[in-house]
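# whatever this is, show me its structure:
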Amino acid sequence: MRAYRAAVTVFALAFIGLGFALLVVTAFRGGGVGLVIGALFVTLGAGRLYLLRIRK
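Numbering: from 1, shown residues only. Sure thing, here's the model as predicted:
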């Protein structure tokens, strides 16, 4: 169970990082759909971390 929690945490942080990267790149290129997708990735990662934390 400990390895599962660690793997979920790593993937959630990866999703958050990918989302921020999408937001930054899209903002520098003038905006578009990437802003929405980036925000969704950040929300997905944060939500997964939240769920992992409350299910101790």
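# what sits up against stretch 20-38?
Gly19, Ala39, Phe41, Val42 (CB atoms under 8 Å, 6 or more residues apart in numbering). From N, CA and C alone the C-beta is placed, and that goes for glycine too.
# the first one against Leu40, yeah?
Yes: in this structure, Gly19 sits in contact with Leu40. The criterion is CB atoms under 8 Å, and the distance is 7.2 Å.
# what about these two, which has more around it?
Gly19 (20 against 13; other CB atoms under 10 Å).
# show me what secondary structure element comes after the host helix or strand of that one.
Using DSSP states H and E, Gly19 maps to helix 2-28. For helix 2-28, the following helix or strand on the C-terminal side (DSSP H and E) is helix 33-54.
# so that following helix versus helix 2-28, what angle?
160 degrees (axes from the mean of the first three to the mean of the last three CA atoms, to 10 degrees).
# quick one: low-confidence parts of the chain?
56 (pLDDT under 70).
# residues in contact with the one residue sitting closest to the centre of the chain?
In the chain, the C-alpha closest to the average C-alpha coordinate belongs to Ile16, at a distance of 2.5 Å (CA atoms, centre = their mean). Ile16 sits next to Phe41, Val42, Gly45, Ala46, Leu49 when contact means CB under 8 Å, 6+ apart.
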